[in-house]
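1. Pasting the sequence and the predicted coordinates here, then a few questions.
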Amino acid sequence: MKMVKILEEMSSSQLEALVHLAGEELKKRGGRRGFEKARGFEGKVRQMPQRATPGSGGYDFWPLEAVTLNPGESHSFYTGIKSYMPANEILLVNIRSSYGLKHNIKLCNEQGWIDSDYYSNQDNDGVIVIKVKNAGDGPFTFKTEEPFAQGMFIRYYIADGDAPRLPAREGGLGHSTARSKP
């Protein structure tokens, strides 16, 4: 709550300076966008997100455990990974196309959006959770040695006159609906 109050009292130039400093901090971490192991998953993540080929746009994610889903069943995979990026980017997460086309595996939320301010949030340290459903006709096993989802960094733009409903993120998944009132 203290951080929200501080942000509300800052001028536009102070906020711009803060964004600049945050960008500098990201550079110190090795770049402007990337992946880290989330708190509590040390020693559990065997494979960091990685592109398959130089022409690949998406970073592959591997499950931490092997899971078999029967038709109609779903499972939330905690990847153990968090992602940092500039304030004007998001990480879009989708199921690998071969899983969808060949096995009818779907993301439960159709497409995952990881916001830049989800990184290191107070609720779950920004761990990326990918919930999938087996919409196929037979059982399907997710193997730890096979990537099952992909993430792609996408830049977005802000509309003129933009005014976010909330001054800052306070929490992890579902943070904006838990605090907003229409």
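-> Looks like it arrived, so ask away. Residues are numbered from 1 along each chain as shown.
2. Work out for me the element the spatially most central residue of the chain sits within.
-> Nearest to the mean C-alpha position of the chain, by Cα atoms, centre = their mean, lies I114 at 3.3 Å. Element membership for I114, per DSSP states H and E: strand 112-115.
3. starting at the chain centroid, how far to that strand?
-> The chain centroid and the centroid of strand 112-115 are separated by 5 Å, computed with Cα atoms, centre = their mean, to the nearest Å.
4. Numbering from 48 from now on, please.
-> Right, with 48 as the first residue, what we last looked at is strand 159-162.
5. Can you mark which positions in that strand are buried?
-> The neighbour-count check on strand 159-162 (16 or more other Cβ atoms under 10 Å) flags 159, 161-162 as buried. No exception for glycine: its C-beta is placed from N, CA and C like everyone else's.
6. just the residues you listed now: which is nearest F124?
-> Using Cβ to Cβ, G159 comes nearest to F124 of the buried residues of strand 159-162, at 11.0 Å.
7. And the closest one, how far from M199?
-> 11 Å (Cβ to Cβ, to the nearest Å).
8. can you confirm L139 is in a strand?
-> Yes - under DSSP: H, G, I helix; E, B strand; the rest coil, L139 falls within a strand.
9. thinking it is in contact with A196, fair?
-> No - if you go by Cβ atoms under 8 Å, L139 and A196 don't touch, sitting 10.6 Å apart.
10. higher neighbour count, these two?
-> A196 (25 against 16; other Cβ atoms under 10 Å).
11. where does the closest residue to H122 other than its chain neighbours fall, phi/psi-wise?
-> Closest residue to H122 apart from its sequence neighbours, by Cβ to Cβ, 6 or more residues apart in numbering: V114 at 5.2 Å. In terms of degrees, to the nearest 10, the main-chain angles of V114 are phi -140, psi 130.
12. residue contacts, the residue nearest to the centre of the chain?
-> Counting by Cβ atoms under 8 Å, 6 or more residues apart in numbering, I161 makes contact with 130, 137-140, 173, 175, 198.
13. Just the pLDDT for it.
-> Predicted confidence (pLDDT) for I161: 95.
14. That one bridge partners, please.
-> L138 (DSSP bridges).
15. Could you chop the protein up by domain?
-> The record's domain parsing of the chain by automatic domain parsing lists 48-79, 81-205.
16. and L213, which of those domains is closest to it?
-> Nearest to L213, of the domains of the chain and by Cβ to Cβ, is domain 48-79 at 8.2 Å.
17. what mean pLDDT would you report for that closest one?
-> On average, domain 48-79 scores 65.
18. and if you look at stretch 120-136?
-> 96.
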